[in-house]
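J.: any chance you could fold what I've pasted below:
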Amino acid sequence: MRSIALLVVLLVCIGVGAEPSVLERLQRELKVAAPPEHYPDHAEYRLFPKVCNKSTCFLVLAVQSPAFDGMAVHLAIFSESEHYLGRYVGLQLMPTGVSGPVLLFSTTAPMDAIRFDRPSPPPEIRVAGRRHVFQRAR
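T.: Numbering: from 1, shown residues only. Below you'll find the model as predicted:
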């Protein structure tokens with residue numbers, strides 16, 4: 001009986017049968033739906049709390065990886081049901097948090113925030129003085 005209990009503890013510790021986390025599910029979704037060069041395994045992945053407006057919630061997964069001119073951040077945008085909607089690529093700043101329908105960055109410029117105030121992601125954003133167009137998933 002004791003050996004069965006130890007086996008159960010061991011299996012729980014290594015995660016056998018455990019439900020994958022939201023981050024793991026979103027990463028799997030990206031491997032299927034998005035270009036792998038934008039979402040390499042060695043990148044830093046940061047999932048933010050839901051960004052919600054009056055009618056819709058989004059999940060934002062920021063991915064920071066080395067680029068030819070330093071670090072690049074891509075924002076993968078998902079529906080609340082974890083369906084990949086598309087992305088913003090080539091940002092130079094990592095978001096820092098969420099406040100209601102706004103994704104925040106660590107700058108003081110009012111433009112350096114993304115307002116998710118519509119039923120779909122903003123078609124264009126401006127962060128750190130650079131324009132980024134939303135690239136819809138195919």
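
J.: residues in contact with the closest residue to residue 123 other than its chain neighbours?
T.: Closest residue to residue 123 apart from its sequence neighbours, by Cβ to Cβ, 6 or more residues apart in numbering: residue 134 at 5.3 Å. (Each C-beta comes from the backbone N, C-alpha and C, glycine too.) Contact analysis of residue 134 by Cβ atoms under 8 Å, 6 or more residues apart in numbering lists 77, 86, 87, 88, 121, 122, 123, 124, 125.

J.: of these, buried ones?
T.: Among the contacts of residue 134, those classed as buried by 16 or more other Cβ atoms under 10 Å are 77, 86, 87, 88, 121, 122, 125.

J.: which residues does the second one bridge with?
T.: When bridges are assigned using DSSP bridges, the partners listed for residue 86 are residue 77, residue 136.

J.: need phi/psi at the residue nearest to residue 123.
T.: Backbone torsions for residue 134, taken as degrees, to the nearest 10, come to phi -70, psi 130.

J.: helix or strand: which one has the residue nearest the centre of the chain?
T.: Residue closest to the average C-alpha location in the chain (Cα atoms, centre = their mean): residue 61, at 0.4 Å. Following DSSP states H and E, one finds residue 61 within strand 57-67.
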